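Asker: predicted coordinates and the sequence they were generated for:
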2 protein chains.
Amino acid sequence: MPNAFSTTNALVIKVGGSAGIDYDRVCADLAALVKAGQPVVLVHGGSDETNRISTLLGKPPRTLTSPQGYTSRYTDAETLDIFAMVYAGKMNTRIVERLQKLGVDAVGLSGLDGRLLQGPRKASVRAVENGRQVLVRDDYTGKIETVNAGLLTTLLSAGYTPVVCPPASSTEGEAINVDGDRAAAAIASALGAKQLIILSNVPGLLRAFPDESTLIPSLRYGELETALGFAEGRMKKKVLGASEAIAGGVEQVIFADARIDAPIRAAMVGRGTVITR
Amino acid sequence: MPNAFSTTNALVIKVGGSAGIDYDRVCADLAALVKAGQPVVLVHGGSDETNRISTLLGKPPRTLTSPQGYTSRYTDAETLDIFAMVYAGKMNTRIVERLQKLGVDAVGLSGLDGRLLQGPRKASVRAVENGRQVLVRDDYTGKIETVNAGLLTTLLSAGYTPVVCPPASSTEGEAINVDGDRAAAAIASALGAKQLIILSNVPGLLRAFPDESTLIPSLRYGELETALGFAEGRMKKKVLGASEAIAGGVEQVIFADARIDAPIRAAMVGRGTVITR
């Protein structure tokens, strides 16, 4: 039986699935923290690999853009199968493997396990295609409303390190695609985490993407709406996730660079964009 | 928080991944048992779907046959990725989804999670190809030696129903392919289960495969070695699993038909091939 973790000071880390992310480096840093007694919940993505496998399987990815400019993956039943294969199958298994090799007793979970991540499936999704609004009805996506924090604390108390990914569970128990950054925000809020670290392949929030010299070192909660204006593409969801986490009681959300050495510990001491209430 | 299960009378059920298996029917029967308070661990396969996806991805399956006539999947690193995608990704997620829809609070696990299933990776595998013995060295396969029963009882005690599949963990923490029937046998032994039910697309052990009228209704442990002689193909591993389970203290192993109504409850009352000490 591994040593129990305290569940009162859990750190939630989200690591994206974009090109350039070095999972070996992230896992090595995470292992150092866990071995020092830090309880951690890791949330991961898999978008790039899902695009690659989808294309290989003859089902190239299709992106929906909302009237507000948010992008999401069009996820019909067949896409959800591929999504689950890559996220919960390949990515999650290989991350758990990396951590087990490093001596971290990791346990992989999708949001369906114990209905860890649950919320309503959207009956239809409004999207803009070629300048016209369309209504997409066969999409399996939704928004997280509840987190089964009990499952995470049960595992942490028994000494395990949860490694979490979408899909989530709809209210009816169907597998649904949800955003990983917002999933991490919901988990951090539910666990009462002090810090949520969101790692990706940029150094943080950039005022003029992709110019890395325009990194914003700190932001207050009240400035997040303005930040949505210049946040580029996928960064919009991260800003939304940060906003939800702070509203949910998390003290600090840090957008940080996954491509550097010891990326988690660098973020913990403020390297990146630090968002506070 | 779901109701806790007693962990002293767990039932272990293995359901194969061959064509003709009706997972809806198996899950409906399992849900009825779980709702009546029966603690269950479900172990599942995914071989047919792995063959299909492998072929679609341009990596058709290759079968190794040992000098003793046992067959196994050739599993290099790329095949293991596909194996994990199908077993831990698609199959596991969709089974957990089915159970969640039926009100069972299922949690999916691969053998890497908490090193649930662990054993040494084989340094090399001896196989017969075109009548000649060859030595295969880049194979990620192994044999389970230990089961983390604590992870299963932690989840059962918290009211969850574990849904388990390969891959397992090597002693070094690498993902390895292991046989699902023998994994189920190891789990049943580790939990002190009274019954292990192995469901597949045949009614049980047939003296003259595929003639279903030659079903053997019961067998003693001492007769299993003889049974290996006429067990066909994949049934050989099931006989081996049964032998390991009985040696490990399981009272009854039942080979039964997944294609009938209420397949688990039919097996529990002896429909199929019942193996006892």
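Answerer: In hand now; what should we look at? Numbering: from 1, shown residues only, chains lettered A, B, ... in the order given.

Asker: and the residue of chain A found nearest chain B, helix, strand or coil?
Answerer: Ranking the residues of chain A by distance to chain B (CB to the nearest CB) places A:Gly89 first, at 2.0 Å. (Glycine included, C-beta is placed from N, CA and C.) Counting by DSSP: H, G, I helix; E, B strand; the rest coil, the backbone at A:Gly89 sits in helix.

Asker: same check on A:Ile254?
Answerer: Using three-state DSSP, the structure places A:Ile254 in strand.

Asker: quick one: it and A:Gln195 touch, right?
Answerer: Yes: if you go by CB atoms under 8 Å, A:Ile254 and A:Gln195 touch, sitting 6.6 Å apart.

Asker: of the two, which one has the most company?
Answerer: A direct count of neighbours by other CB atoms under 10 Å in any protein chain shown for A:Ile254 and A:Gln195 places A:Ile254 higher, at 25 against 20.

Asker: report the helix or strand with the lowest average pLDDT across chain A.
Answerer: Every helix and strand in chain A was compared by mean pLDDT, DSSP states H and E; the lowest is strand A:71-73, with a mean of 86.

Asker: what sits in contact with each of A:Ile254 and A:Gln195?
Answerer: Common neighbours of A:Ile254 and A:Gln195, using CB atoms under 8 Å, 6 or more residues apart in numbering or on different chains, are A:Met268.

Asker: the least confident helix or strand of chain A packs against which elements?
Answerer: strand A:63-65 (3 or more CB pairs under 8 Å, 6 or more residues apart in numbering or on different chains; DSSP states H and E).

Asker: buried ones in the strand it packs on?
Answerer: For strand A:63-65, burial by neighbour count (16 or more other CB atoms under 10 Å in any protein chain shown) applies to A:Leu64.

Asker: strands paired with that strand, and their directions?
Answerer: Looking at strand A:63-65 with DSSP bridges, its partner strands are strand A:71-73 (antiparallel).

Asker: please enumerate the helices of chain A.
Answerer: Along chain A, counting by DSSP state H, helices occupy A:23-35, A:47-56, A:77-84, A:92-101, A:149-157, A:180-191, A:224-230, A:235-247, A:263-268.

Asker: would you single out the least confident of those helices?
Answerer: Among the helices of chain A, helix A:224-230 carries the lowest mean pLDDT, a mean of 91.

Asker: in it, what's buried?
Answerer: Buried residues in helix A:224-230, counted by 16+ other CB under 10 Å: A:Leu224, A:Ala227, A:Leu228, A:Phe230.

Asker: closest to A:Ala123 among those residues?
Answerer: A:Ala123 has its nearest neighbour among those in A:Leu228, at 25.4 Å by CB to CB.

Asker: enumerate every residue touching that closest one.
Answerer: By CB under 8 Å, 6+ apart, the residues touching A:Leu228 are A:Lys236, A:Val239, A:Leu240.

Asker: still on that earlier bit, who's in contact with the least confident helix or strand of chain A?
Answerer: So strand A:71-73 is contacted by A:47, A:50, A:61-66, A:79, A:83, A:125, A:141, A:177, A:179, A:233-234 (CB under 8 Å, 6+ apart).

Asker: lowest-confidence one in the residues you listed?
Answerer: Lowest pLDDT among the contacts of strand A:71-73: A:Gly233, 80.

Asker: now the residue nearest to A:Ile21 when sequence neighbours are not counted: phi and psi?
Answerer: Leaving aside its chain neighbours, A:Ile21 sits nearest to A:Ala258 (4.8 Å; criterion: CB to CB, 6 or more residues apart in numbering or on different chains). Backbone torsions for A:Ala258, taken as degrees, to the nearest 10, come to phi -80, psi -10.

Asker: I'd say A:Ala258 and A:Val26 touch.
Answerer: Yes: counting by CB under 8 Å, A:Ala258 touches A:Val26, with 5.8 Å between them.

Asker: quick one: which of those two has more around it?
Answerer: Using other CB under 10 Å as the criterion, A:Ala258 and A:Val26 rank with A:Ala258 on top: 26 against 22.

Asker: which residues are in contact with that one?
Answerer: The neighbours of A:Ala258, taking CB under 8 Å, 6+ apart as the test, are A:Val15, A:Gly16, A:Gly20, A:Ile21, A:Asp22, A:Arg25, A:Val26, A:Leu199, A:Ser200, A:Asn201.
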